[in-house]
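Novice: coordinates only, sequence not included:
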């Protein structure tokens, strides 16, 4: 009798070990003895768009757009899955509005009262002593990148020159510092030629255009080197 009970006990133990219930029981006991360490905290990604000369009155996703609103399927998808600000006020200019968003202060406090141009001194550009949005996000484990138009400071009359974006808190930058990209290279990277040239290719509209394009191509080559 004792032998039969022992065999039954062994069979029951084997059944529990091989069954899903047994796995859950063992897992529960193991969890009780050794609670799992919390994994790294995940933060939601933040994708922030700034578009010049575009208001919510032009966008269907905000309930406007007129009789023939522009089709913005990608922006609409992101907006539906994110946050839409319907009561945001800013100064309707490039640099002041960007400074407001990234500093959280009005223009009379940021001292960014006009569009940043090469003549603007450093005290009318965003200061590295300001606390910017990427600075705040970095304290929460975020890495930041800015793509496209910067137009907050420099490189002229600024001690950080080309490094001004990192000085203001961003980890990565791919774009242009000024209010607009450089003029289009009408020589297609030096393939086309100017009026009166001997090589085959599309001529520039004028010799002045050609000189500017050649200067741009040389500038890009030096930066790449």
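Specialist: Looks like it came in fine. All figures in this text were calculated on a predicted structure; none of them were measured in a lab.
Novice: pLDDT weak spots in the protein?
Specialist: Judged by pLDDT under 70, the chain has its weakly predicted residues at 1-41, 90, 182-225.
Novice: in it, mark out all the helices, start to finish.
Specialist: 2-18, 20-33, 73-80, 94-103, 107-110, 133-138, 164-167, 207-224 (DSSP state H).
Novice: for the fifth one, packing partners?
Specialist: In other words, helix 107-110. helix 94-103 (3 or more Cβ pairs under 8 Å, 6 or more residues apart in numbering; DSSP states H and E). C-beta coordinates here come from the backbone N, C-alpha and C atoms, glycine included.
Novice: which outside residues touch the helix it packs on?
Specialist: 48, 50, 52, 90-91, 105-107, 110, 112-116, 126, 130-134, 149, 151-152, 168, 179 (Cβ atoms under 8 Å, 6 or more residues apart in numbering).
Novice: could you chop this structure up by domain?
Specialist: For the chain, the structural domains run 55-88, 89-176, 182-225, going by automatic domain parsing.
Novice: among those domains, which is the most enclosed?
Specialist: domain 89-176 (a mean of 17; mean count of other Cβ atoms under 10 Å).
Novice: who's in contact with stretch 64-78?
Specialist: Contacts of stretch 64-78 (Cβ under 8 Å, 6+ apart): 47, 49, 56, 57, 58, 59, 60, 61.
Novice: next one: the closest residue to the first one other than its chain neighbours from residue 48, what distance?
Specialist: By the measure of Cβ to Cβ, 6 or more residues apart in numbering, the closest residue to residue 47 outside its immediate chain neighbours is residue 78, 6.4 Å from it. The spacing between residue 78 and residue 48, counted by Cβ to Cβ, to the nearest Å, is 10 Å.
Novice: with residue 96 instead?
Specialist: Per Cβ to Cβ, residue 96 is found 17 Å from residue 48.
Novice: what about residue 63, distance to residue 180?
Specialist: Counting by Cβ to Cβ, the gap from residue 63 to residue 180 is 31 Å.
Novice: same question for residue 96.
Specialist: On the measure of Cβ to Cβ, residue 96 and residue 180 end up 16 Å apart.
Novice: likewise residue 165?
Specialist: On the measure of Cβ to Cβ, residue 165 and residue 180 end up 17 Å apart.
Novice: follow-up on the earlier one: so which of the domains of the chain comes closest to residue 43?
Specialist: domain 89-176 (6.2 Å; Cβ to Cβ).
Novice: wait, residue 130 sits on residue 111?
Specialist: No - at 10.0 Å, residue 130 does not count as touching residue 111 under the criterion of Cβ atoms under 8 Å.
Novice: tell me the contacts of the closest residue to residue 164 other than its chain neighbours?
Specialist: Excluding its sequence neighbours, the residue lying closest to residue 164 (Cβ to Cβ, 6+ apart) is residue 154, at 3.7 Å. Going by Cβ under 8 Å, 6+ apart, residue 154 touches 125, 160, 161, 162, 164, 177.
Novice: hmm, which two among those residues are most spread apart?
Specialist: Longest span within the contacts of residue 154, Cβ to Cβ: 125 and 162, 13.9 Å.
Novice: with distance to residue 67 added, can I get the contacts of stretch 64-78 in a markdown table?
Specialist: Below are the contacts of stretch 64-78 laid out as a markdown table (distance: Cβ to Cβ, whole Å):
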| residue | distance to residue 67 |
| --- | --- |
| 47 | 30 |
| 49 | 25 |
| 56 | 17 |
| 57 | 13 |
| 58 | 12 |
| 59 | 14 |
| 60 | 11 |
| 61 | 16 |
